[in-house]
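# everything below, folded, please.
(chains A and B)
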2 protein chains.
Amino acid sequence: MEVTVKKIINDPATVVADALRGMELAHADLLDVQYDPAVVVRVDAPVPRKVAVVSGGGSGHEPLHAGFVGRGMLDAACPGAVFTSPTPDQVLAAVQRTNGGAGALLIVKNYTGDVLNFETAAELAAAEGIEVRSVVVDDDVAVKDSLHTAGRRGVGGTVLLEKIVGAAAERGVDLDGCEALARKVAGQVRSMGLALAPCTVPHAGEPSFTLADDEMELGIGIHGEPGRQRVPVRPADSLVPALLDPILGDLPFGAGDRVLLFTNGMGGTPLLELYLAHGIAERLLAERGITVRRRLVGPYITSLEMQGMSLTLLKLDDELVELWDAPVRTAALRWGL
Amino acid sequence: MEVTVKKIINDPATVVADALRGMELAHADLLDVQYDPAVVVRVDAPVPRKVAVVSGGGSGHEPLHAGFVGRGMLDAACPGAVFTSPTPDQVLAAVQRTNGGAGALLIVKNYTGDVLNFETAAELAAAEGIEVRSVVVDDDVAVKDSLHTAGRRGVGGTVLLEKIVGAAAERGVDLDGCEALARKVAGQVRSMGLALAPCTVPHAGEPSFTLADDEMELGIGIHGEPGRQRVPVRPADSLVPALLDPILGDLPFGAGDRVLLFTNGMGGTPLLELYLAHGIAERLLAERGITVRRRLVGPYITSLEMQGMSLTLLKLDDELVELWDAPVRTAALRWGL
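As a prediction, the model looks like this:
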């Protein structure tokens, strides 16, 4: 097939499998890739008596989720086609490959297709006698319902939840405990994003939405779903509070809270701009008496080459800080190992 | 000042300092920032009796160089204005702040302004009695002379050199040894890049070059300097050899060689495409009897939001493998610590 879209790919139909082949070669020490159905599993799976932590979703958000497979985080990731939910047989295969006898926790971003397909997989796994629980992440405060979603969308909070629950599972916390922890994190994490420029899905061949040269979109979703409003180009000092204020008001977060601040790039945003935005967000939080105890800055949940960013705030306690700091060894997040 | 360029910034004149403030807050455990002149130093500098490894260059290539400041890599980085050489007083300040009595090694990318300003700084430091050596990296095989450069440009090889020499300095290798090692790495590393779409320098306000919708540029520099040729959109199976073959023929690399393969994103390239390209490069190397022993895949030396990639190949021996594997703890590269 001829390439007509301006991307470093061969064929839009095989782009996910082609990328997985490169990932498998690049990270042979961390992960194994199974191609039909497509599943990325940690190299030592199944880990006996450990809860298997499994996630997945449409491709195009890398490093989420496959980049978080490894010790201290995910046991498996199920990459769907670009911006398309993984199939139930992918999720079932992931559970089968990683179940070490302690059951599996499924981490699901709240998109209608994902929720449905993970649910079907959970039923199929249960029918095989594997105990499975699911936790849905819906941290995006921007809009109530959206394209592809009933209720709120799952976005940046997913990264934090996968790290924290992955750490607990690694320590031997059982399925009840991992599920309760996941619900706790999902309950106290909130996010909002913005876009400066769209991305192009390989098989679509044209940008998923358009923005004028002097226009930005506040509250954008990670697939370019419409947000809250389009606004003229603004300085960062005005953009950052436009993301932060809805987040703070939603939970709500307030003076005395300790938080993890995650400043995320959508894929095509220079690190220079992300750090700049992060600095503004830290200062705004300090002014409100909120203590930033942990930070993550970088492109961890992306939308291909979309230009934009999101902020995620997680309310911390000592338990969550300790699990965040626990060693992790994946392609995209690594410390202590 | 009013923002007219579509970026997450306040004022093009203060963008580097504004980003450094965010970086300082995000990584207070790793680095200290000094603002006038701008220098990023590891938090425990100076380290007594350790050779200080210092680099720097124009901003806009993040995480290079400030993202590599920390234990096992750089002692200091000097961030110039965007795509502009740091001044001699920045480099001098970095040497003064990090000199632990064992002298300083300056790692300089081969651009006329950088070479000149690092040289001036080295003379000023020498006049203060600090022993300083400089090593110039010129690994880009694309063109002989270029905009801003006499001779070859310094690109991706710089990242690998900083890691390897940083590890040696951390182990207590003296200035002669660090300099010899840096020359060895510089002598056996080669790179080449391509661009799909340009980037916009904040104070310029418009793209640094233009490419038609169906056009890519092979051999592009990290500031958008002209490359070897503009070609119609091609599949990745044809793009990757167009980067790899000139690299292989140049050193040359051949059957039996062991290498580190670094697949780098220029800033706006999805990780999906980078892994896809990496997989193709690994297979091509295997076909030629070249063994890939270590890999690095990701955006480590970027050009703001430029879409594109580069490949870097370093010929390895046991010494270099061991130094590559040595623990490192920086904002952008971290393992074992």
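# before we move on, what SS does the single nearest residue of the stretch 201-337 of chain A relative to chain B have?
Nearest residue of the stretch 201-337 of chain A to chain B: A:Gly279, at 2.9 Å (C-beta to the nearest C-beta). (Each C-beta comes from the backbone N, C-alpha and C, glycine too.) Three-state call for A:Gly279 (DSSP: H, G, I helix; E, B strand; the rest coil): helix.
# quick one, what contacts it?
B:18-19, B:21-26 (C-beta atoms under 8 Å, 6 or more residues apart in numbering or on different chains).
# repeat for A:His61
Contacts of A:His61 (C-beta under 8 Å, 6+ apart): A:222, A:301-303.
# output the contacts of A:Gly279 as JSON lines; include the columns pLDDT, distance to B:Ser146 and secondary structure.
As requested, the contacts of A:Gly279 are exported to JSON lines (pLDDT from 0 to 100; distance: C-beta to C-beta, whole Å; DSSP: H, G, I helix; E, B strand; the rest coil):
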{"residue": "B:Asp18", "pLDDT": "98", "distance to B:Ser146": "30", "secondary structure": "helix"}
{"residue": "B:Ala19", "pLDDT": "98", "distance to B:Ser146": "27", "secondary structure": "helix"}
{"residue": "B:Arg21", "pLDDT": "98", "distance to B:Ser146": "33", "secondary structure": "helix"}
{"residue": "B:Gly22", "pLDDT": "98", "distance to B:Ser146": "32", "secondary structure": "helix"}
{"residue": "B:Met23", "pLDDT": "98", "distance to B:Ser146": "29", "secondary structure": "helix"}
{"residue": "B:Glu24", "pLDDT": "98", "distance to B:Ser146": "34", "secondary structure": "helix"}
{"residue": "B:Leu25", "pLDDT": "98", "distance to B:Ser146": "37", "secondary structure": "helix"}
{"residue": "B:Ala26", "pLDDT": "98", "distance to B:Ser146": "34", "secondary structure": "helix"}
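# thinking again about what came up before, ok, the closest residue in space to the residue of the stretch 201-337 of chain A closest to chain B that isn't next to it in sequence - how many residues close by?
Sequence neighbours aside, B:Gly22 is the residue nearest to A:Gly279 in space, at 2.9 Å (criterion: C-beta to C-beta, 6 or more residues apart in numbering or on different chains). When neighbours are counted by other C-beta atoms under 10 Å in any protein chain shown, B:Gly22 registers 26.
# in this model A:Arg283 seems to touch B:Gly22, though I could be wrong.
No: assessed by C-beta atoms under 8 Å, B:Gly22 is found out of contact with A:Arg283, at 9.3 Å.
# on that earlier part again, quick one: least confident of the contacts of A:His61?
When these are sorted by pLDDT, the bottom entry is A:Ile222 at 94.
# in three-state terms, label the closest residue to that one other than its chain neighbours for me.
Nearest non-adjacent residue to A:Ile222, counting by C-beta to C-beta, 6+ apart: A:Ser303, 4.9 Å away. Secondary structure for A:Ser303, judged by three-state DSSP, is coil.
# so how far is the one helix or strand A:Gln90 maps to off the chain centroid?
Here A:Gln90 sits within helix A:88-98, counting by DSSP states H and E. Its chain's average C-alpha position is 19 Å from that of helix A:88-98, according to C-alpha atoms, centre = their mean, to the nearest Å.
# what's the following helix or strand past it packed up against?
Sequence order places strand A:104-109 as the next helix or strand after helix A:88-98, per DSSP H and E. If you count contacts as 3 or more C-beta pairs under 8 Å, 6 or more residues apart in numbering or on different chains; DSSP states H and E, strand A:104-109 packs onto strand A:52-59, helix A:88-98, helix A:112-127, strand A:132-137, helix A:157-170, helix A:175-187.
# among those, which is nearest chain B?
strand A:52-59 (6.3 Å).
# the closest one: partners in the sheet, and parallel or antiparallel?
Here strand A:52-59 has these sheet partners by DSSP bridges: strand A:76-82 (parallel), strand A:104-109 (parallel).
# what would those look like in TSV with distance to A:Arg228?
Formatted as TSV, the strands paired with strand A:52-59 follow (distance: least, C-beta to C-beta, whole Å):
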stretch	distance to A:Arg228
strand A:76-82	25
strand A:104-109	20
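# how near is A:His148 to B:Glu319?
The gap separating A:His148 from B:Glu319 is 52 Å, by C-beta to C-beta, to the nearest Å.
# between the two, which has more neighbouring residues?
The neighbour count for A:His148 versus B:Glu319, taken as other C-beta under 10 Å, is higher for A:His148 (17 against 12).
# is it correct that the more buried one is in contact with A:Thr112?
Yes: using C-beta under 8 Å, A:His148 is in contact with A:Thr112, at 5.9 Å.
# ok so, going back, residue contacts, the residue nearest to A:Gly279?
A:263, A:274-280, A:282, A:297.
# could you rerun that using 10 Å?
By C-beta atoms under 10 Å, 6 or more residues apart in numbering or on different chains, the contact set of B:Gly22 is A:263, A:271-283, A:295, A:297, B:33.
# quick one: the strand or helix carrying A:Leu323 to chain centroid distance?
If you go by DSSP H and E, A:Leu323 is part of helix A:318-325. Here helix A:318-325 is found 19 Å from its chain centre; the criterion is C-alpha atoms, centre = their mean.
# quick check: next helix or strand after that helix?
Next along from helix A:318-325, by DSSP H and E: strand A:328-329.
# and that next one, is it in reach of chain B?
Yes: applying C-beta under 10 Å from any C-beta of the partner chain, one finds strand A:328-329 touching chain B at A:Arg329.
# after that strand comes which helix or strand?
With DSSP H and E, the next secondary element past strand A:328-329 is strand A:334-335.
# strand partners of that next one, parallel vs antiparallel please.
strand A:328-329 (antiparallel).
# got the contact list for the partner strand?
By C-beta under 10 Å, 6+ apart, strand A:328-329 touches A:29-30, A:42, A:68, A:70-73, A:162-163, A:166-167, A:170, A:334-337, B:335-336.
# any idea of the mean pLDDT in stretch A:118-133?
The average pLDDT for stretch A:118-133 rounds to 98.
# before we move on, the earlier item: make a PyMOL selection of the buried ones in the contacts of A:Gly279.
Buried members of the contacts of A:Gly279, defined by 16 or more other C-beta atoms under 10 Å in any protein chain shown, are picked up in PyMOL with:
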select buried, chain B and resi 18+19+21+22+23+24+25+26
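# closest one to chain A out of the contacts of A:Gly279, please.
For the contacts of A:Gly279, the nearest to chain A is B:Gly22 (2.9 Å; C-beta to the nearest C-beta).
# A:Tyr275 versus that closest one, what's the distance?
4 Å.
# same question for A:Glu128.
47 Å.
# likewise for A:Asp317?
27 Å.
# the more surrounded of those two?
Using other C-beta under 10 Å, the more surrounded residue of A:Asp317 and A:Tyr275 is A:Tyr275, with 28 against 11.
# nearest residue to A:Gly60 in space, please, no chain neighbours.
Leaving aside its sequence neighbours, A:Gly60 sits nearest to A:Val82 (C-beta to C-beta, 6+ apart; 4.3 Å).
# and that neighbour, what does it touch?
So A:Val82 contacts A:12, A:15-16, A:19, A:58-61, A:199, A:201-204, A:223, A:304, B:270, B:272 (C-beta under 10 Å, 6+ apart).
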